[in-house]
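> Sharing a sequence plus its predicted fold:
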Amino acid sequence: MSKELGKKLESLRESKGWSKTYVSKSIGISNMQTYANYEYGYRDPDLDTLKKISSLYHVSVDSLLGIKGGGKEYDIDEMIDNAMMFKGEPLTDNDREILRGVIEGYLKAKK
């Protein structure tokens, strides 16, 4: 898993134009080389670090690990309720209600 995950991490980081130092500090790793080892495929991050990385890049841990949804239908309400942050800013209950309304409006217009 290390090489595949490393390539994804590198691709995500480069797509943002971020340095390894920036990413490591953003996820609370004091030694940039530790994060670099994830990208090089020498080490795998622990679950807590994977969660921090997924939050930073706004992707799921499943996506980072290459786990396909297998056609699983996701519950938008549950996803919104579980959303803690967006682009580094905490989401309030009001933010979640606004998101729910936007998605519901989109789905109605789509029909």
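Nice, thanks for sending it over.

> where exactly do the helices run in this structure?
2-16, 20-26, 32-40, 47-57, 61-65, 76-82, 93-110 (DSSP state H).

> any chance of these in a markdown table, plus mean neighbour count and mean pLDDT?
Glycine gets a C-beta too; all of them are placed from N, C-alpha and C. As requested, these are exported to a markdown table (neighbours: other Cβ atoms under 10 Å; pLDDT from 0 to 100):
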| stretch | mean neighbour count | mean pLDDT |
| --- | --- | --- |
| helix 2-16 | 15 | 90 |
| helix 20-26 | 17 | 96 |
| helix 32-40 | 18 | 96 |
| helix 47-57 | 16 | 92 |
| helix 61-65 | 15 | 85 |
| helix 76-82 | 12 | 67 |
| helix 93-110 | 11 | 84 |
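
> Residue 35: what's it in contact with?
20, 23, 24, 27, 29 (Cβ atoms under 8 Å, 6 or more residues apart in numbering).

> any idea how far residue 105 is from it?
39 Å (Cβ to Cβ, to the nearest Å).

> Same check on residue 59?
25 Å.

> ditto for residue 34
44 Å.

> cool, and residue 22?
The value you get for residue 22 to residue 105, if Cβ to Cβ is used, is 36 Å.

> Kindly report the same for residue 3.
With Cβ to Cβ as the criterion, residue 3 and residue 105 are 42 Å apart.

> Domain map for this protein?
2-65, 76-110 (automatic domain parsing).
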